[in-house]
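K.L.:
Structure, please.
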Amino acid sequence: MRLALGLALVAVVGVSTVPTPATAAPSTAARSASAQRPTEQAAPAPRPADQAKTATRPGDQAQPASVGGPATGAKAGRVSLAATGIDLCAQVGYAAGFRNNPLVSAVAVAMAESSCNPSAVGTNGPTAGCPSGSRDRGLWQINNCYHPTVTDTCAYNAQCNANAAYSISSGGSNWQPWSTYKNGAYAGYLSAAQAAVARLGGGDPPAGVTGTILANPSLNIRTGPGTTYGVAGSVNYGATVNISCYTFGEYVSGGYWPSSTWDRITNPATGVTGYVADTWVDTAYDVKTMVGPC
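P.N.:
Down below sits the predicted model:
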């Protein structure tokens, strides 16, 4: 166990008091974390292990999948489908290859992007590389300018759109190309997405993975993996939370094991789901060996 007994530390996110010296060090089991102190101008460089993790992800180097916010219109002539709405996204997402937590994230992103309407379309003004504007299309709002190989015929076909999203997201490991992931809007659909995946039988995230909050007096739960995201709620020091997956985000220099890992947690006391810096969560082992990526 990565224990932190007798500690009165202050969370990087949402804690205003100064941490007190630790009287017992956490165990040397591998750790991860993410979110720098608001008052700090710069954080130490990530450990080599974290650099290696982020280097393998397309991240900001990838072309945007969607440019605008949620779709504002629909293409005429929508075909009849066996499943509709969020269940349709779960169905075609599973068929495309998404599993477990990446499938949940995929469905949540699609809900935020298009309300899981395969005919959805969003129109954008000029952007870098697309001076004449562009359109975001279909379930996962695949942009026609940045992804011209995804034709309109494919983009407005539910399964073809899901297949394109699977490819662009590197199998569900990188959602940075989607605007609603970067701004945290997708987080509001995670619970509904999990329910849709459960109905599908497409693989729930590992059950029973928990952690203990080490931040005193409380830790903010964010809508995304960083301190620039909104606050969805909070969780008190010593509380046990459920951990569904991890992702990489803002680097956190404080806490027990500074890094850029964030845990997606649920506070059982309030039902609030969101992200907290892993450095403030005590778990039996490195969280990346216990749950999959978001």
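K.L.:
which stretches of the stretch 151-294 of the chain have low pLDDT?
P.N.:
Along the stretch 151-294 of the chain, the model assigns pLDDT under 70 to residues 201-208.
K.L.:
which residue ranges form the strands in it?
P.N.:
210-213, 218-222, 231-236, 240-252, 259-266, 273-277, 281-282 (DSSP state E, counting those that start in this stretch).
K.L.:
want to throw those into JSON lines with distance to Ala106 and mean neighbour count?
P.N.:
The C-beta positions use only the backbone N, C-alpha and C, and glycine is treated the same way. JSON lines is the format used below for these (distance: least, C-beta to C-beta, whole Å; neighbours: other C-beta atoms under 10 Å):
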{"stretch": "strand 210-213", "distance to Ala106": "24", "mean neighbour count": "20"}
{"stretch": "strand 218-222", "distance to Ala106": "21", "mean neighbour count": "25"}
{"stretch": "strand 231-236", "distance to Ala106": "20", "mean neighbour count": "19"}
{"stretch": "strand 240-252", "distance to Ala106": "12", "mean neighbour count": "23"}
{"stretch": "strand 259-266", "distance to Ala106": "14", "mean neighbour count": "27"}
{"stretch": "strand 273-277", "distance to Ala106": "16", "mean neighbour count": "28"}
{"stretch": "strand 281-282", "distance to Ala106": "25", "mean neighbour count": "26"}
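K.L.:
Indicate which one of the ones you listed is closest to Gln176.
P.N.:
Distances from Gln176 to each of the strands of the stretch 151-294 of the chain were compared using C-beta to C-beta; the minimum, 9.7 Å, belongs to strand 240-252.
K.L.:
Can I get the closest one in PDB? Just the C-alpha atoms.
P.N.:
Listed in PDB are the C-alpha atoms of strand 240-252, where the atom choice follows Å, rounded to 0.1, in the frame of the first residue of the first chain:
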ATOM      1  CA  THR A 240     -12.400   6.400  -0.400                       C
ATOM      2  CA  VAL A 241     -13.200   6.900  -4.100                       C
ATOM      3  CA  ASN A 242     -13.800   4.600  -7.000                       C
ATOM      4  CA  ILE A 243     -11.300   4.800  -9.800                       C
ATOM      5  CA  SER A 244     -12.400   3.900 -13.300                       C
ATOM      6  CA  CYS A 245      -9.500   4.800 -15.500                       C
ATOM      7  CA  TYR A 246      -6.400   7.100 -15.800                       C
ATOM      8  CA  THR A 247      -5.300   9.700 -18.400                       C
ATOM      9  CA  PHE A 248      -2.400  12.200 -18.800                       C
ATOM     10  CA  GLY A 249      -2.900  15.900 -18.400                       C
ATOM     11  CA  GLU A 250      -1.400  18.900 -16.500                       C
ATOM     12  CA  TYR A 251       1.900  18.100 -14.700                       C
ATOM     13  CA  VAL A 252       1.600  18.300 -10.900                       C
END
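K.L.:
counting contacts, what elements does it pack onto?
P.N.:
Applying 3 or more C-beta pairs under 8 Å, 6 or more residues apart in numbering; DSSP states H and E, we find strand 240-252 packed against helix 48-55, helix 100-114, strand 210-213, strand 259-266, strand 273-277.
K.L.:
name the helices or strands packed onto the shortest one?
P.N.:
So the one you mean is strand 210-213. With contacts defined as 3+ C-beta pairs under 8 Å, 6+ apart, the packing partners of strand 210-213 are strand 240-252, strand 281-282.
K.L.:
about what we covered before: can you list the helices and strands packed on strand 240-252 in a markdown table and add distance to Ser134?
P.N.:
As requested, those are exported to a markdown table (distance: least, C-beta to C-beta, whole Å):
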| stretch | distance to Ser134 |
| --- | --- |
| helix 48-55 | 28 |
| helix 100-114 | 14 |
| strand 210-213 | 41 |
| strand 259-266 | 30 |
| strand 273-277 | 30 |
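K.L.:
Now distance to Gly292 too, for the helices and strands packed on strand 210-213, in CSV please.
P.N.:
Formatted as CSV, the helices and strands packed on strand 210-213 follow (distance: least, C-beta to C-beta, whole Å):
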stretch, distance to Gly292
strand 240-252, 6
strand 281-282, 16
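K.L.:
how many neighbours does Val104 have?
P.N.:
When neighbours are counted by other C-beta atoms under 10 Å, Val104 registers 32.
K.L.:
Also the one 3 residues further on?
P.N.:
When counting by other C-beta under 10 Å, one arrives at 33 neighbours for Val107.
K.L.:
try the one 3 residues further on
P.N.:
As a burial measure, the neighbour count of Ala110 was computed by other C-beta under 10 Å and equals 33.
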